[in-house]
Each structure stands twice: as C-alpha cells, then as structure tokens.
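*Asks:* coordinates only, sequence not included:
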C-alpha cells in the first residue's frame, strides 16, 4: 500500500496549466509507501454484504454441479468495514494476494487494509485494525466457501514488524506447506522503515497461524524507505528456495529514495531462515547523477513492478516494467512507451544474464488511468509464470497490457459545480487497453510474438488490466484479469474522482464498470477459450468510496493447484473496496 511518491525526478509533482492541457511535469514518478487522501470525505455508510456470504454465480458459471468450465460463488474474504470514513476507519481492502495448500482445501489471502492507518504509528484518530497493520489477511479451511478475517500479522508477536502494504503470497518450504507472506514493513512504534518483511506460517486443523518473520532492506543505510513493490516466489520441490524481487529507489544526487527504480533480488535456500542479498538484477537508470548539475536526478527511465518465478531445475526468472523514460528540462518530456523485461538466473539468484526485452508497450504513467481510478496514473506491471510439468514443461509465460495507441496527456476540462474553490479538473483517457501473452521455450532468451488473450476490443472504451497467468499441473494456462467498460451510464452521468493531489480531479462522462474475467488455454498458450465472467456483480469504480489510494490497488491475484484456479480481486459491489475470491474449475475437469 503506497502513497503517491514524488522522487528526485521531481522535487514536486508540478501541475502546470497550459491553454488546453495539464502537464504533470514530474520527471520520474514512482510509487512508495502509501498514504491516505489529504482531504476528508463524509458519506453515509454503505450497505455491506455479510462477511463470507456467498453470491450466486451467473448463468455461465454454475457451481457445485454441472460440466466444467465453471466458476464457484463469489466470496467476500474480509470482514465488514467500519462505518463512516474517516471517523471509525479507513475504507479499502484491495491489492490482493492468494495461495493455497496443494489440494486447495486451505486458502490464505492477503490485501491492503486501509484501517491500518488508524492509531500508531500513523496516528489517524480512528479504530485500528486488530491486530494492526496495513496488510491484512484472511484464511479458509473449507476450500474457499467461507473465510475468517484475522486482522494483520501481530507486531506484538513478531519483532514489532508492522506491515505497510504491497502484500504477496506463496507456498513452499522444505515441507511444501509453509506459507510466505511478503510485505513492505515499518517499526510499529517509531514508524522507521524496515524494508521488506516475510512472515512464515502454517495451517493446523481448522486454523492458520504465523510463526515468525524476517526483514531485509536496502544496502544503503540512508534509504530505509526506498524499497517498494516486493513480490515473492517459493519453490514447490522441497528445496526450501524462495525469492523476493523488489524495486529500490536508490539515493541519487545525495537524496535518499530519489532514483527511478533499481530491480533487486533477495534469496533464501534454507526455507526462509536466512536471506541473502541484495543482488542487482537491473541497475538504476537515472541519466544525470552529478549533484552540481541543476538537472541532477530529473531524467531517466523508471523501473518498477518486478515479479519472480521459478521453473524446472530451479531456474529463476524476474520480469518487470522498464519505462517510460523522462527527458527534457526537469524531466518534462515523458515517452509514450515502455518495455517488458525478463532476466534469467541459472544459479539460484546469485547471478543473472543480460535482461531480454519481451515486448514494447504503450504505457504512460500520466495517461492511461481508468476513469474511476483515484490516482493520476496506473502501474502496468507484467506478471510471469512457468510450466513445471506437461508437454511444454519449462515454457515461461509473461502477460502484460498495452493501450491501442499512445495516449495523449489529458487536457484541462471545466470543473462541475460543488468542487472546492481553485479545483483543477483533467479529462479522462478513453483509449482501450488490451491484454497480451508471450512465451519463451529457451529459458528467456527469445520470446514469441505477443498475442491477445481475448478477442480484440474497439479502439476506445474498454480497458483490460492486470492479467495474472498461472499454469496448472499438466500445462493448462489460466489467466485472470480485470475488464473495465469505460462507458456512459444514466445512473452516474458524470464521473468525478479526486486523484490524490489537493484539488485535482479527473472528470468526464465515462464510468469504469469493472468485472473480473478468466480465460484458459489447453494447448500451452497457443489459443485461449472465450472469456468467462468470474464476478457476479459489476463494480462502478466511479461511485465506490475509498479512504486510500489507489482504490483498485495495483494488482490482483491468482493461484493454480491441482485442477483448480483460485482468483482473488478487489470488488466494489458493496460501495467500498472489498477483497473477494472464487474457485474456478477448468475445461476437461469433472470433479471438485
């Protein structure tokens, strides 16, 4: 969970008004520790669906009986959220993670928990989560039919480690039953940065409990808050290997966490008892680092959103987003494209080969946000998975998104009545965004031509976001993704969303009507089935109320085991962001 961070590439995220456009003249803009909105917002408490209640699936998604493919009921994982914002709590459970036992009976989910801002160390005057933290978790021991919201990993039990978001889960260890919960972390008392935390835990009977925690941080002692967007992968072969990739906004120009992002890796080969690192996978790409230069730290290429994956023989892959690039005076010129990169390690993360470009993509931080997203821009990070069995064992899959064309910078538009004095309003980006997959059969050296995972969409009005690949034993490939219909609706003729900066709003007639979808390939990614809707209710993110940003989070999650795929996403059907999950049974499978 992060707030919008303005690193060196922009000492301030300047909003510059031109005659027809608003330019976020920011240089390199990155994500770091999250924060609450600066303005207070009052509203009536929404009607909340009871925690754990099942929601009937749609006609194409029968559950319990019938021929596959089928989608099980939508289950709310987190407990009902506290009343009116912000007096009794910060509304928002998003940015989801999920992992399961080998048979899928035991399920652990993680999510950003906005209520972690209540009480120490952040000090908001509202009721803290119990136990406190910015990363909550819930568990199920009945295959996902119901969940217990357990709060956050308790700092009182685990070295005063307070989770601060960006949750990520996997299962592995020597016993292949150890659950690893990775997060950003701070000290629960002082708020001092701790870098990344990894809690370990196990299911015992009908309950789940964490047993310990490890932390590690940037090698620069002046940069305790420089880490962001960690992700974890654990081996399932009993070797005890696990890896955490992370972005390090290194010290540049004598200023901590001022760079554009350096991709680093930490590794363990003893089940998580000890962690070694950091190993630099891709160094910082700041162009000017001489403190005597007035443009020091203002230009360069962003690197963010790294994800590790483990293939056969322990081969390790790390994928990430490289770009966009900022040039010109004070980084005022932003490129309209970026690259999806992958680096491979053949020795358990000790060394990496030269990064390989999978694809170029139309990605721009200030251009591509959906109408209902409550920050100015959205992180389009890739995801990666590897087939460990089946005919194409060793095949590596990378999914990513790209707009149908480079998007223009949103222009200034007239503000509707009722906004604060001096409000600045910017327009929406209606360009569609497609989801793609590419694969490699030679350990990441070369990659197939990217193909769409679903039928082509019109040039405007549809955004497919955050596709998550998983590979079942045997080789079937499943991808979970968001799809937002960016359309007009009579129920809300004008979407007005505060985008985190004081008095800056995104305004326009389009709404973000979001559902979660699933596609499957039974031929190793060559073709995919028609999309199946996972969600049984559509969320309008223009009307969903959140006390934190981003309201969607920055990613969703999926996990495959046996003949099932487990989807986990942030859902706004209750009027606030809640974490939901569903169990999916793929084609050709006849049992639960």
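*Replies:* Sure, I can see it. In this text the structure is predicted, and so the values were computed from the model without any measurement.
*Asks:* ok, residue 100 - contacts?
*Replies:* 106-108, 171, 559, 561, 566 (CB atoms under 8 Å, 6 or more residues apart in numbering). Where you see a C-beta, it was placed from the backbone N, CA and C, and this is true even at glycine.
*Asks:* can you put those in JSON lines and add pLDDT?
*Replies:* JSON lines is the format used below for these (pLDDT from 0 to 100):
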{"residue": "106", "pLDDT": "97"}
{"residue": "107", "pLDDT": "98"}
{"residue": "108", "pLDDT": "98"}
{"residue": "171", "pLDDT": "98"}
{"residue": "559", "pLDDT": "98"}
{"residue": "561", "pLDDT": "91"}
{"residue": "566", "pLDDT": "97"}
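*Asks:* Neighbour-wise, which one of the residues you listed leads?
*Replies:* Highest neighbour count within those: residue 107, with 29 neighbours (other CB atoms under 10 Å).
*Asks:* for the residue located most distally from the centre of the chain, what are its contacts?
*Replies:* Distance from the centre of the chain peaks at residue 292, with 37.0 Å (CA atoms, centre = their mean). Not one residue lies near residue 292 by CB under 8 Å, 6+ apart.
*Asks:* How far does stretch 228-245 stretch from one end to the other?
*Replies:* With CA to CA, to the nearest Å as the measure, stretch 228-245 spans 10 Å from end to end.
*Asks:* no, scratch that, I was asking about stretch 409-422
*Replies:* Start-to-end, stretch 409-422 (CA to CA) is 21 Å.
*Asks:* before we move on, what about stretch 564-583?
*Replies:* End-to-end distance (CA to CA), stretch 564-583: 7 Å.
*Asks:* do the same with stretch 192-211
*Replies:* 23 Å.
*Asks:* same deal with stretch 162-180?
*Replies:* Note: stretch 162-180 ends 16 Å apart using CA to CA.
*Asks:* again, but for stretch 401-410
*Replies:* Rule used - CA to CA; the end-to-end distance of stretch 401-410 is 20 Å.
*Asks:* What of stretch 331-347?
*Replies:* Start-to-end span of stretch 331-347 (CA to CA) is 38 Å.
*Asks:* go on, stretch 118-135?
*Replies:* In stretch 118-135, first residue to last residue: 13 Å (CA to CA).
*Asks:* Same check on stretch 553-566?
*Replies:* End-to-end span of stretch 553-566 (CA to CA): 19 Å.
*Asks:* got it, and stretch 184-201?
*Replies:* 17 Å.
*Asks:* what does the average pLDDT come to for that stretch?
*Replies:* Mean pLDDT, stretch 184-201: 96.
*Asks:* list the buried ones in that stretch?
*Replies:* 184-188, 191, 193-201 (16 or more other CB atoms under 10 Å).
*Asks:* quick one: which of the residues you listed sit in strands?
*Replies:* Among those, the members falling in strands are 184-187, 193-201 (criterion: DSSP state E).
*Asks:* Tabulate these (CSV), appending distance to residue 220.
*Replies:* Shown next, in CSV, are these (distance: CB to CB, whole Å):
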residue, distance to residue 220
184, 16
185, 17
186, 17
187, 18
193, 11
194, 14
195, 11
196, 14
197, 18
198, 20
199, 25
200, 27
201, 30
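*Asks:* Among these, which pair sits farthest apart?
*Replies:* For those, the farthest-apart pair by CB to CB is 193 and 201; their separation is 23.6 Å.
*Asks:* all helices of the stretch 51-200 of the chain, in order?
*Replies:* In the stretch 51-200 of the chain, no segments count as helices under DSSP state H, counting those that start in this stretch.
*Asks:* Could you check the pLDDT of the spatially closest residue to residue 281 that is not a sequence neighbour?
*Replies:* Excluding the flanking residues, the one nearest residue 281 by CB to CB, 6 or more residues apart in numbering is residue 263, at 4.3 Å. Looking at residue 263, its pLDDT stands at 98.
*Asks:* what sits against residue 263?
*Replies:* For residue 263, the contacting residues are 245-248, 280-282, 303, 306, 318, 320, 343, by CB under 8 Å, 6+ apart.
*Asks:* again, 10 Å this time
*Replies:* Applying CB atoms under 10 Å, 6 or more residues apart in numbering, we find residue 263 in contact with 229, 245-248, 278-284, 303-306, 318-322, 341, 343, 352, 355.
*Asks:* Weed out the non-buried ones from those.
*Replies:* Neighbour-count burial (16+ other CB under 10 Å) applied to these gives 229, 245-248, 278-279, 281-282, 284, 303-306, 318-322, 341, 343, 352, 355.
*Asks:* burial of residue 221, as a residue count?
*Replies:* When counting by other CB under 10 Å, one arrives at 9 neighbours for residue 221.
*Asks:* Helix or strand: which one has it?
*Replies:* For residue 221, there is no helix or strand it lies in under DSSP states H and E.
*Asks:* What confidence value was assigned to it?
*Replies:* So, for residue 221, pLDDT stands at 71.
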